[in-house]
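> Whatever this is, show me its structure:
(2 chains)
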Amino acid sequence: MTGLRRAIDQRLAGAFETLGLPVDLARATPSDRPDLADFQCNGALAAAKRVGRNPREIAAAVAEALGAAPEFSGIEVAGPGFINLRLSDEALSARAGEIAGDPRLGAGMVGTPRRILIDYGGPNVAKPMHVGHLRSSIIGESLKRIHRFRGDTTVGDAHFGDWGYQMGLLIGAAMDADPWIRALVEDLNAAGTEPSPEAEAAAFEGLARRISLADLDRMYPEAAALGKTDEAYRNRARRLTAELQARRPGCLLLWRHFARVTQVALARDFHALGVDFDLWKGESDADPLIPEMVADLEARGLLEDDQGARIVRVGRQGDKRELPPLLVVSSEGSAMYGTTDLATILDRRRTFDPDQVLYVVDQRQADHFEVVFRAAVLAGYAAEGQLEHIGFGTMNGTDGKPFKTREGGVLKLNDLIEMTRDRARERLREAGLGAELPEEAFEATAHQVAVAALKFADLSNFRGTSYVFDLDRFTSFEGKTGPYLLYQAVRIKSVLRRAAEQGIEAGGIRITDPAERELALLLDAFDDALSEAYDRRAPNLLAEHAYRLAQAFSRFYAACPILPAEGEVRASRLALAGTILRQLELCLDLLGLSAPDRM
RNA sequence: GCGCCCGUAGCUCAACCGGAUAGAGCAUCCGCCUUCUAAGCGGACGGUUGCAGGUUCGAGUCCUGCCGGGCGCGCCA
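You can find the predicted model right below:
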């Protein structure tokens, strides 16, 4: 199925070819001047430059050549050589009808599907999620859904931060906090063998009583702070990290408890946000590959000794700056951030063999990924361009620096969600739904509204730039917000429900009113918005489309009564509304949102 | 110091390969519920796109310089 915009491209290409003009310039875009046209082509201007002729003459010739095409109701040359194209109501009606009958609502697939792995979320053991985790999680989730919908075999991996120095800190802190734990770890380490299943079960049971997620939340910041100021403490944590990575049984067992407790809680929190991972692989899963990888790097002659550490230099001729080397083995003998990342590349290659890996991680880590990717290419673990860092900007406070609460701490994601849910409940009660809906549905709706508000507020910004985190804006339900999108969907559902009750049926779509034209044009523009969001890895483009669609519907709703109309007009408007709902809900789903039935 | 990113309306953000009159939301003001959910709709107000040059028929967009801000620059992740 070809969309209208693409059909116009083809018409233009035909005309350009006939006239001996560069065909790559034959492209229609939505008009900047909706009062003058639906689409415009600026190709005559660029062509004039290339072939050295008058742009208006070229435009006039193209317009002439286009003259017989049936989908246009108006073709005009304007300004310096814009070709303004207006579509006939018939063409729009036919296209709207096509989309109405299309399970994919007008969206195309990629030409050649690829295998894509998306690394996002990046939760860590013992670190509760804060607002900073919101971006990676929801951008990554949306990219995953967009890729999958367009036909790629797509896998989302949480890439759980469960390995490294932080674990040494925590193991030490837990041993300090409780003599029973200290004894357990030390005895197991001394024994040097895995405990029996019974002993292991008993140990986990004892740990479950002693260390909860809340304890970890409390212990980690304290230990991290101590590690910064106290050298002996820091050195012990490093040693314990190395012991864990050497798989000393006591450290390993305690670590497994930490990871398990955290993961269960995190998966629940992610799910509540509409974020679900296909894989929950940890950095620890890449760990077993490290020895052979180090040997391999050695064999390839890439490893160098430097200040007691082992590194890979990744500088290239023509670099504008000197990149730091990849630190493969620390002077303590530990694997570092980059080591596990490199080993993870190997692991993914063996287990999933992706054509491309997208890392949805804070922009500040651009240099780190550049180093890792270069090392991977040097070692032959990945091809140039196969690994891509999808960086995003930070959420800043009004002072322009990464967001902190008034107390100076980080805002926990769960607190933000609860705050927003409170506002949603209040708003639902005002609407009188508190009494009408069963408790469960009421809570579910409040949650949907809150999540939509938070996620849309983030997704509507271009991912690459930092933005100011404004609590009021994030928890607002009016204007260009997630709840606005949900509300439009809810209104349509309500209309469709009434229509069904009254036995009113939808019919063929006939576009006549300006509000209907706008809707038909937007339905057609979905495919462009989706493929653009895909190509540029920019969900905000899809969010923008969803908003425009919702807004156009709201105007249509105000201007064109649906059920109060009669006959074919009513049947047409009902069909149009139903199609808008389906495309809107599809957009919401691709953004990781969902609309309730009532709100 | 070196490098990367950013600077657009009072505030928060958009702007497709360089195109016409730079768009939304919030805030402010004025209208609209006796038709389907007013979390809505219509309208008004609001801009020298940080500054100065350059390329171009045409620049928020490309180039150079300056000013301002953020971030990164091997033993955390």
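> Tell me the secondary structure at the most centrally placed residue in chain A.
Centroid-nearest residue in chain A: residue A:139, 1.9 Å away (criterion: C-alpha atoms, centre = their mean). Here residue A:139 is helix, with the state taken from DSSP: H, G, I helix; E, B strand; the rest coil.
> That one is in contact with residue A:538, isn't it?
No: using C-beta atoms under 8 Å, residue A:139 makes no contact with residue A:538, being 9.1 Å away. Backbone N, C-alpha and C define where each C-beta goes, glycine included.
> So what touches stretch A:337-344?
Here stretch A:337-344 makes contact (C-beta atoms under 8 Å, 6 or more residues apart in numbering) with A:159, A:163-164, A:281, A:283, A:285-287, A:289-290, A:293, A:326-329, A:335, A:368-369, A:371-372, A:375-376, A:379, A:381.
> Mutual contacts of residue A:139 and residue A:538, please.
With C-beta under 8 Å, 6+ apart as the test, residue A:139 and residue A:538 both reach residue A:463.
> Quick check: which element contains the residue of the stretch 351-500 of chain A at minimum distance from RNA strand B?
Taking C-beta to the nearest atom of the strand, RNA strand B has its nearest neighbour within the stretch 351-500 of chain A at residue A:479, 2.1 Å off. Under the criterion DSSP states H and E, no helix or strand holds residue A:479.
> neighbours around it, how many?
Here the count is done by other C-beta atoms under 10 Å, and residue A:479 has 9 residues near it.
> same question, residue A:194
13.
> Name all residues that make contact with the nearest residue in space to it that is not next to it in sequence.
Among residues not flanking residue A:194 along the chain, residue A:249 sits closest, at 5.7 Å (C-beta to C-beta, 6 or more residues apart in numbering). When contacts are counted by C-beta under 8 Å, 6+ apart, residue A:249 touches A:188-189, A:191-195.
> Please enumerate residues in contact with the helix or strand hosting residue A:305?
Residue A:305 belongs to strand A:303-306 when assigned by DSSP H and E. Outside strand A:303-306, the residues within contact range by C-beta under 8 Å, 6+ apart are A:294, A:297, A:310-313, A:325, A:328.
> quick one: the strands in chain A?
Taking DSSP state E, the strands of chain A run over residues A:28-30, A:39-41, A:72-78, A:82-87, A:115-119, A:153-157, A:303-306, A:309-312, A:326-329, A:356-362, A:387-392, A:395-396, A:467-468.
> Now these in JSON lines, please, with extra columns for mean neighbour count.
Conversion of the strands of chain A to JSON lines gives the following (neighbours: other C-beta atoms under 10 Å):
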{"stretch": "strand A:28-30", "mean neighbour count": "17"}
{"stretch": "strand A:39-41", "mean neighbour count": "24"}
{"stretch": "strand A:72-78", "mean neighbour count": "16"}
{"stretch": "strand A:82-87", "mean neighbour count": "22"}
{"stretch": "strand A:115-119", "mean neighbour count": "23"}
{"stretch": "strand A:153-157", "mean neighbour count": "21"}
{"stretch": "strand A:303-306", "mean neighbour count": "13"}
{"stretch": "strand A:309-312", "mean neighbour count": "20"}
{"stretch": "strand A:326-329", "mean neighbour count": "22"}
{"stretch": "strand A:356-362", "mean neighbour count": "22"}
{"stretch": "strand A:387-392", "mean neighbour count": "20"}
{"stretch": "strand A:395-396", "mean neighbour count": "18"}
{"stretch": "strand A:467-468", "mean neighbour count": "16"}
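> for the ones you listed, which one sits closest to residue A:207?
strand A:153-157 (27.1 Å; C-beta to C-beta).
> where does the residue nearest to the centre of chain A sit relative to RNA strand B, distance-wise?
12 Å (C-beta to the nearest atom of the strand, to the nearest Å).
> Please report the distance of that residue from residue A:590.
Counting by C-beta to C-beta, to the nearest Å, the gap from residue A:139 to residue A:590 is 12 Å.
> OK, contacts around residue A:323?
A:314-315, A:367, A:370-371, A:374.
> So of these, which two are at opposite extremes in space?
It's A:315 and A:367 that sit farthest apart of the contacts of residue A:323, by C-beta to C-beta, at 12.6 Å.
> Low-confidence regions, chain A specifically.
Counting by pLDDT under 70, chain A contains low-confidence ranges at A:1.
> Please parse it into its domains.
A:4-87, A:165-272, A:423-591 (automatic domain parsing).
> out of those, which comes closest to residue A:154?
domain A:423-591 (11.2 Å).
> Tell me if the strand holding residue A:305 is near RNA strand B.
Yes: applying C-beta under 7 Å from any atom of the strand, one finds strand A:303-306 touching RNA strand B at residue A:306.
> Which member of the contacts of strand A:303-306 is positioned nearest RNA strand B?
residue A:311 (3.6 Å).
> check contacts around that closest one.
A:303-305, A:325-328.
> Those residues: which two are farthest apart?
Checking the contacts of residue A:311 with C-beta to C-beta, the most distant pair is A:305 and A:326, at 13.9 Å.
> how close does residue A:253 get to RNA strand B?
Taking C-beta to the nearest atom of the strand, one finds residue A:253 at 20 Å from RNA strand B.
> hang on, isn't that residue packed against residue A:202?
No: taking contacts as C-beta under 8 Å, residue A:253 lies outside contact range of residue A:202: 11.0 Å.
> out of these two, which sits in the busier spot?
Legend: neighbour count by other C-beta under 10 Å for residue A:253 and residue A:202, higher for residue A:253 (20 against 13).
> near RNA strand B too, which of the contacts of strand A:303-306?
A:311, A:325.
> Need the max-distance pair from the contacts of strand A:303-306.
A:294 and A:313 (15.6 Å).
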